[in-house]
Every structure is written in C-alpha cells, then in structure tokens.
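Undergrad: heads up, no residue letters with this:
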C-alpha cells in the first residue's frame, strides 16, 4: 500500500506544478516572482564570489568544510575545472 501512496504523490505533484503557472499568469505575481528570483540570484552570486576569497573554506563564513578553496555560497565545489587541451 505504501508503494501506491508514493506513486500517487509522484504523479500528483507534477500536475500541481504544471497547473500553477496558468493561475499565476492572470495576476501580477509572475513579474514579481521573476524579479525576486533575479535579485536573489544576483545577491547569491555576489556573496559567493566574496566568500570564495575571504571565508577560508567555510560555508557562509560559519560552517567549516574539509575543503579550503572553491566554497561558493552554499555550494562546495571540490573538483578542479577540466580544460580541453586539444588544439
């Protein structure tokens, strides 16, 4: 019975997500939501860049990690960038 409950949850959640934008389009909420996401993303990127150079491996200057570099905002990036050297 638990499997059927989970199946019901997994099938109804996408439906609710897909139907909610249609109700938002009739109001001023989409523009406000987009503006909120834009400002949040911009602020998080600025904080992440400042934190990468000043936090010494801590997440938001508070939580220590095992990595000492490339801690960007709430994300710990521990794999170096692989560059393609085929010329």
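TA: Okay, I see it. Treat the numbers as computed from the prediction; the structure is a model and nothing was measured.
Undergrad: I'd like to know which helix or strand in this structure has the lowest mean pLDDT.
TA: strand 75-76 (a mean of 67; mean pLDDT, DSSP states H and E).
Undergrad: residue ranges for the strands of this structure, please.
TA: In the chain, the strands defined using DSSP state E lie at 58-59, 63-64, 71-72, 75-76.
Undergrad: Turn these into TSV, columns for mean neighbour count and distance to residue 46.
TA: Glycine gets a C-beta too; all of them are placed from N, C-alpha and C. Converted to TSV, the strands of the chain look like this (neighbours: other Cβ atoms under 10 Å; distance: least, Cβ to Cβ, whole Å):
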stretch	mean neighbour count	distance to residue 46
strand 58-59	16	16
strand 63-64	12	19
strand 71-72	20	11
strand 75-76	13	14
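Undergrad: Make TSV out of these and add distance to residue 30.
TA: Output for these, formatted as TSV (distance: least, Cβ to Cβ, whole Å):
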stretch	distance to residue 30
strand 58-59	32
strand 63-64	35
strand 71-72	29
strand 75-76	27
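Undergrad: Nearest to residue 15, out of those strands?
TA: Comparison of the strands of the chain against residue 15 by Cβ to Cβ identifies strand 75-76 as nearest, at 30.7 Å.
Undergrad: can you count the residues close to residue 55?
TA: 21 (other Cβ atoms under 10 Å).
Undergrad: Tell me which of the strands of the chain sits nearest to residue 7.
TA: Using Cβ to Cβ, the nearest of those to residue 7 is strand 75-76, at 32.4 Å.
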